[in-house]
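>>> this one's structure only:
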């Protein structure tokens, strides 16, 4: 009888100390989740029925509440002037678009090839949709048929015809 009471008390103690399993609660930050996503996409930007740019990108993530779009997995943008003539091509690894202003920032291995033969290389570049100008504070290298210029900071038209490099660190003139 004593053994039965001990076994009964030990059993009650063991079951009484058992932790009740509670379901885990996962809270997601809705602002961290894109409202839309797309893979291997082509997007044409136009204004008044005129093509301004055509974008090819590996991944698009739209964050509607924050009014921005992230572009990743390599991107390629063809730019056109007001007469719809092709002016330049921009390539980069990733980018960000301000959905309110349509301003665009490109990051990582940014290369702009203008139709006039000028090539710009940098790590980041900002394109202003209103002025249609590109600018950066990062290190830049511009190569044309007559020179190679390196420096920090740049402002230019999107066709790289009229550009200004701030804090020039090197210039090589070629005889072509």
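Arrived safely. Note that the structure is a prediction, hence the values are computed from the model and not measured. Residues are numbered from 1 along each chain as shown.

>>> Now do the strands in this protein.
Assigned by DSSP state E, the strands in the chain fall at 36-47, 50-63, 68-80, 86-92, 94-98, 104-114, 119-128, 133-143, 147-157, 163-165, 168-173.

>>> Counting by contacts, list what the fifth one packs against.
So that's strand 94-98. Packed against strand 94-98 by the contact rule (3 or more Cβ pairs under 8 Å, 6 or more residues apart in numbering; DSSP states H and E) you find strand 68-80, strand 104-114. Every C-beta, even on glycine, is put in place using the N, C-alpha and C of the backbone.

>>> Counting neighbours, which bits of it end up buried?
Of the residues in strand 94-98, those scored as buried under the neighbour-count criterion (16 or more other Cβ atoms under 10 Å) are 94, 95, 96, 97.

>>> would TSV of the residues you listed with distance to residue 65 and pLDDT be doable?
Listed next are the buried residues of strand 94-98 as TSV, based on distance: Cβ to Cβ, whole Å; pLDDT from 0 to 100:
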residue	distance to residue 65	pLDDT
94	21	97
95	20	96
96	15	96
97	15	94
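
>>> Tell me where the model's unsure across this structure.
Counting by pLDDT under 70, the chain contains low-confidence residues at 1-2, 5, 7-22, 26, 28, 30, 175-176.

>>> Any idea which residue is closest to the centre of it?
The central residue of the chain, meaning the one whose C-alpha is nearest the mean C-alpha position (Cα atoms, centre = their mean), is residue 95 at 1.7 Å.

>>> what's the distance between that residue and residue 124?
Plainly put, residue 95 is 10 Å away from residue 124 if you go by Cβ to Cβ, to the nearest Å.
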